[in-house]
Structure formats: structure tokens, C-alpha cells
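J.: the following comprises the amino acid sequence and a computationally predicted model.
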2 protein chains.
Amino acid sequence: MTTAKSLPPPCCTGMFRNFECRRLTTSHSSPPEKLGFSMLCRINAARSCHSRRNLILLYDRSRSNFLKPIKAKKDSESSCTDNGAAFSGIQLRQMSNVGNSTNILWHECPIQKRDRQQLLQQKGCVIWLTGLSGSGKSTLACALSQSLHSRGKLSYILDGDNIRHGLNRDLSFRAEDRSENIRRIGEVAKLFADAGVICITSLISPYQKDRDACRALLPEGDFIEVFIDVPLHVCEARDPKGLYKLARAGKIKGFTGIDDPYEPPCGCETTFILQIVLQQKGGDCKSPKDMAELVVSYLEKIGHLQA
Amino acid sequence: MTTAKSLPPPCCTGMFRNFECRRLTTSHSSPPEKLGFSMLCRINAARSCHSRRNLILLYDRSRSNFLKPIKAKKDSESSCTDNGAAFSGIQLRQMSNVGNSTNILWHECPIQKRDRQQLLQQKGCVIWLTGLSGSGKSTLACALSQSLHSRGKLSYILDGDNIRHGLNRDLSFRAEDRSENIRRIGEVAKLFADAGVICITSLISPYQKDRDACRALLPEGDFIEVFIDVPLHVCEARDPKGLYKLARAGKIKGFTGIDDPYEPPCGCETTFILQIVLQQKGGDCKSPKDMAELVVSYLEKIGHLQA
């Protein structure tokens, strides 16, 4: 029975000389001036380089095993008796109370994230797309999914609006419900990443604290924040859902960019953070397909498109 | 761009002559008398046989394409302009209000369930394990996951207790919270199935209406209910979490089997229902591995282990 946990991603220091590394400002009133695209990759170089060595040692031998059946771990050979301990056959941890749930027990399964990643030949992670309404998050999510699929990689999109048709249908757009909406999507994204899937989330997620909380759910490096940096006036001119018009008319309250702030990504220096900024300004903006290719090439270079 | 929806599973009439087909009774006081294992497969034969023909026509040509990269669908070729409609590049449906969420829009992605299934060479579905506490749901879930992994199939377990450590940490064990716990897990399981994953859920889910509500979320035949039919006295003797003891001492209220009922699966005749009953009684009970093999062989025979 393997007990290996998911590994942090390999080092990307020096791998992105073709992309500009820059710091985002916290102030929304002073947006970055660079036209076109730039990528921000802020990492703990020492730690990630160490991880890269581990990765090479651990994974090289499995590279030829491309989505072929993998021999299951040895069964626990537990007999089916009426003895609970013998029957359980799984690692049991202590009973605990979590949030409002009492007397619950964490069940570990012999098949873990690493096994699923070997099966899929990719690393489960979360690509967290954030930006104003109309910035093109859903469009980029689709283009990303297409690009990954064309490479034989399994991805899945958690679109904010779509999830409100199901899991989050009970939530409104009040501030506390918007936070809960993001929390739940973060938790579900974590499950998908643990399943080995490249999970693409697409929701405005305007507040840094909410995004940071979702990042904190995942192993370091498994949460990649992609900020689609499109000026408000461009998003408002697009207004694909007609929501800016309603917000300007006062028919929607607390709309991001109009009467509620958007806090652009700004990682904490003490944390291992992967971020990409896709700037879409002026006449140099790129197509969704081109943006997707940039993100995919980034994933490839940090080793997420192999186990 | 494909718009094909997931197909119902093929016919299994006549395929399970080696398994006993029987009807479950609604009354918990009159449990099925058959010792050992039995499987219940209640289907709409005419419909499923028709589906099977379609499946053969549609999927035979892709069988050799085992987890190799699949060419992505043609891009929408939308240019990145400031024109919202041109930029969106996705199918947009009408704005709608769902539950407490207003002005939301369903986003369709060109990469759909069928594409992911072809990539994985399996059908995304939900294996819903239900039974008393201590009946062996988590153990069977792990054994199932091992067995599927050994065949190169991607599965993921949503364990009730584990999900209460994250997504459902805000829920208690009050009746309404237990229902919400099941609803959310049903919704997440639906997402996993849509991702092409064989999603195994493991939670008591004692009420028929809650299980039926989860079944209703999925396309017909994508929800396979597996009832682990273990007598209460056996579960209580196992008592792996010590909860029966607490319930008997009155320290836990509303505990299934003690002071709250368990309603065994009993499908509605008008719905396309797949059910398996794994009876564990007397000296003829099977090991978790053997039970898992029965479920996997069932999945194989109804065509869920290929695209």
C-alpha cells in the first residue's frame, strides 16, 4: 500500500526567460502598463529545485507507461468476517470533529493521487481563472480544455455560472453567498486535482482572501492562478451578459468593477505561488487559442503534463 | 463542434443470467431471504436494447484509440476583438434564474463528456454505495478503486466522512444537513461522471428520496446504486467507529438503524434504474475484493469500461 503524497511541481526558475517576470501592484488604480502578455512566476527557487530533482528520480521510470493499465497495489487480504477491524482493510485515523461535523473518520484509499497521475500521465492541479465579468474567462477555459484534450490530457471546467445551476443553486449573489460559492468550488476543484484531473475554474473571484483560501486547500504548486487582465471599459463594452448595463442602471447591486472592487492577484512572498497574468490591452490582445497555448506551454514547462 | 450528449448504457437483458434478478421490498422488516450475493438489474429492455445498437455503431470505430491523444475539435476561430459576441466563441444560452442564483448563463464547452470518455476509454458514471454504518461501504469503495485502477480505469471516491472534512464541513448531522450533504455529494458526483470518471460514492444515504434525487441528476443508466445489505446486528458487532455504542447509550441521536430508519433501495418502475444488491449474511459473505469484482464485472458487461 502506497502512502506517498502528491509531489510539489518541479522548479521553473530559468525556464521562463521568454516570459516577463513582474510584480503585480495591489492598487487597481495603477494597472500594469505592459501591453500584450506577460507571465508572473513567483516561486521559492530553492524548494522547487529540490522538488525537481525528486521528481526526476521518482517519475522517470514511469514515462513510458502512457495510460496503460497499472497493476493495482497488493490487497490488504482482509477476510470478510464479522470482525470490524479485520473487515475494514483500510488505514483508519482517529475520529474527529470538523466544522459542524462530529465523529467523522478520514478514510485513506490505497489508490492515491500519484497512482491516478501515473495512469493519466499528467499532474492533477487547479488552473484558477480570475478576472472581471466579460474578461473572457469562460472562453479561455474552453480553449484551454480543447488544447489539453488535443494533447491527450484530461481536464474539466468548473464554470461559476454552470455550478450555480447545480451544486451552488442554493446560493445568491450576496457577499457571504459569493464567498461560499468560491469556497465550494475551491473544495470541488481540490477533489478534481486529487483525482489527477487538470481542473480549470472560471469565476470572477474578486477577493484575494477567497482565492488565497482556495490555494491553501491544495498542495503547494498545485494551484495556478491565471489573471485575465482586461480593462473595465473593454469588459463593459463587451458586456456579453448585459450585466454591466443592469449594474449601471442600479438594477444589480455589488457588481464587480462597478460598485464592488476587483482585487488583482498579488501573492504573499512567504507562500509558494504560481501565477500567470494574461494582459489584454490595446490592439495587441491575443485570441483565446493563443492565450490557451501560453498557459499550456507553461504547464508543460513546469512538468504538469507528465506524471 | 460536437453537441452529442452522453448515451445511455447498453442493454443488459440476458447478459446477467448468472446473477439473480429480483425485486427489493420497501419494508425493512422483510429483508430479502437469499443468502450470499444477488444482483438486481431492472431496466427498460426495449429502450436499452435500442441504445446498445446505437452504441455499437457509434463506438466500435474508436476502440483501438486507447488513451491516446485525440485531435481537438476545430476552434471557433473567433478573433480577439473588443466585440463581446465575437470574443465569446462559445454557445451561449439564455440568461436564467436557478434557485437563489439570478442572471446566470450556461456555458457549453466544445470538449464534452463523450470526448473525455473516448480519451479515457470508459464511461463516466456514479457507483452509489449505500448501506448501514459498518456495512463496509468505504472498504468496498477502496477495493473497487483498486480493481478499476488495475484495469487502467480512472475512478475517484467521494467518501461521506472525507467530504465532511472539506466541502461539507459546514454541515451537521441534523436531518436537513444530512439531506444537504447527500445533495452536494450527488451534484459533485455528477460533475465527476461528466468528466468521464467512474465516481464511487460511499455514504449511508438512508432515505430513498435523497438517493432518487441524486439519480435524477444524471442521464439514465449513469447512476448505479449498490446496496450493501448487511444485517444491523452484524454492523453493530463490527461498530468500526464506535458509533453504535454511542447511539445505544443515547449519546448520538437519529442514528441510522437505531433510532432512524434505513430505507433499502427500491426503484420506481417508470425510471431506468440500475441496482446491485450485495447480500452479506450468514457464513456466505464475500471479501471486499470479491464484492468489488462482482461490481466491476457488472460494469464491464453493461459496457461502462469502454467508451
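T.: Perfect, I can see it now.
J.: would you map the strands across chain A?
T.: A:96-98, A:101-104, A:125-130, A:155-159, A:198-202, A:223-229, A:274-279 (DSSP state E).
J.: any chance of those in TSV, plus mean pLDDT, distance to B:Cys214 and mean neighbour count?
T.: Just so you know, the C-beta spots here come from the backbone N, C-alpha and C atoms, and that holds for glycine as well. Listed next are those as TSV, based on pLDDT from 0 to 100; distance: least, Cβ to Cβ, whole Å; neighbours: other Cβ atoms under 10 Å in any protein chain shown:
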stretch	mean pLDDT	distance to B:Cys214	mean neighbour count
strand A:96-98	80	23	13
strand A:101-104	77	19	18
strand A:125-130	98	25	28
strand A:155-159	98	19	25
strand A:198-202	98	22	29
strand A:223-229	95	29	24
strand A:274-279	87	35	24
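J.: dump those into CSV; add distance to chain B as well.
T.: CSV is the format used below for the strands of chain A (distance: least, Cβ to the nearest Cβ, whole Å):
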stretch, distance to chain B
strand A:96-98, 5
strand A:101-104, 4
strand A:125-130, 12
strand A:155-159, 4
strand A:198-202, 8
strand A:223-229, 11
strand A:274-279, 11
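J.: export those strands as TSV, with columns for distance to B:Leu154.
T.: Putting those into TSV (distance: least, Cβ to Cβ, whole Å) gives the following:
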stretch	distance to B:Leu154
strand A:96-98	27
strand A:101-104	26
strand A:125-130	16
strand A:155-159	12
strand A:198-202	13
strand A:223-229	22
strand A:274-279	25
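J.: of all those, which one comes closest to B:Glu176?
T.: For those, proximity to B:Glu176 was assessed by Cβ to Cβ; strand A:101-104 is nearest, at 14.1 Å.
J.: what sits up against that closest one?
T.: Strand A:101-104 has contacts (Cβ atoms under 8 Å, 6 or more residues apart in numbering or on different chains) with A:95-98, B:161, B:164-165, B:168-169, B:171-173, B:241, B:243, B:246, B:252.
J.: so among these, which ones count as buried?
T.: Neighbour counting by 16 or more other Cβ atoms under 10 Å in any protein chain shown classes B:161, B:164-165, B:168-169, B:171-173, B:241, B:243, B:246, B:252 among these as buried.
J.: ok so, going back, relative to B:Leu105, which of the strands of chain A is closest?
T.: Comparison of those against B:Leu105 by Cβ to Cβ identifies strand A:155-159 as nearest, at 9.2 Å.
J.: got the angle between that closest one and strand A:125-130?
T.: Using axes from the mean of the first three to the mean of the last three Cα atoms, to 10 degrees, the direction of strand A:155-159 lies 30 degrees away from that of strand A:125-130.
J.: quick one: work out the angle between strand A:155-159 and strand A:198-202.
T.: Using the same axes, to 10 degrees, one finds that strand A:155-159 and strand A:198-202 are set 20 degrees apart in direction.
J.: which residues of the stretch 1-150 of chain A score low on pLDDT?
T.: Across the stretch 1-150 of chain A, residues meeting the criterion (pLDDT under 70) sit at A:1-94.
J.: typo on my end, it should be the stretch 151-300 of chain A
T.: If you take pLDDT under 70 as the line, the stretch 151-300 of chain A has these spans: A:267-272, A:283.
J.: please redo it, this time with the cut-off set to 90
T.: A:173-175, A:220-221, A:265-277, A:279-286 (pLDDT under 90).
J.: and the helices in it, which stretches?
T.: Taking DSSP state H, counting those that start in this stretch as the criterion, the stretch 151-300 of chain A carries its helices at A:160-163, A:175-194, A:208-217, A:232-238, A:243-248, A:288-301.
J.: what's the closest of those helices to B:Gly186?
T.: Ranking the helices of the stretch 151-300 of chain A by distance to B:Gly186, with Cβ to Cβ as the measure, places helix A:175-194 first at 12.7 Å.
J.: which other helices and strands contact that closest one?
T.: strand A:125-130, strand A:155-159, helix A:160-163, strand A:198-202, helix A:208-217, strand B:155-159, helix B:175-194 (3 or more Cβ pairs under 8 Å, 6 or more residues apart in numbering or on different chains; DSSP states H and E).
J.: CA atoms only: put it into PDB for me.
T.: Coordinates of the C-alpha atoms in helix A:175-194 are reproduced here as PDB (Å, rounded to 0.1, in the frame of the first residue of the first chain):
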ATOM      1  CA  ALA A 175     -21.500  38.800  -0.300                       C
ATOM      2  CA  GLU A 176     -21.500  35.800   2.100                       C
ATOM      3  CA  ASP A 177     -23.000  33.600  -0.600                       C
ATOM      4  CA  ARG A 178     -20.400  34.700  -3.100                       C
ATOM      5  CA  SER A 179     -17.700  33.700  -0.700                       C
ATOM      6  CA  GLU A 180     -19.400  30.300  -0.100                       C
ATOM      7  CA  ASN A 181     -19.700  29.900  -3.900                       C
ATOM      8  CA  ILE A 182     -16.000  30.300  -4.200                       C
ATOM      9  CA  ARG A 183     -15.200  28.100  -1.200                       C
ATOM     10  CA  ARG A 184     -17.300  25.200  -2.500                       C
ATOM     11  CA  ILE A 185     -15.800  25.500  -6.000                       C
ATOM     12  CA  GLY A 186     -12.300  25.600  -4.400                       C
ATOM     13  CA  GLU A 187     -13.200  22.400  -2.500                       C
ATOM     14  CA  VAL A 188     -14.500  20.600  -5.600                       C
ATOM     15  CA  ALA A 189     -11.500  21.700  -7.600                       C
ATOM     16  CA  LYS A 190      -9.300  20.200  -4.900                       C
ATOM     17  CA  LEU A 191     -11.100  16.900  -5.300                       C
ATOM     18  CA  PHE A 192     -10.700  17.000  -9.100                       C
ATOM     19  CA  ALA A 193      -7.000  17.800  -8.700                       C
ATOM     20  CA  ASP A 194      -6.700  14.900  -6.300                       C
END
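J.: noted, bye for now.
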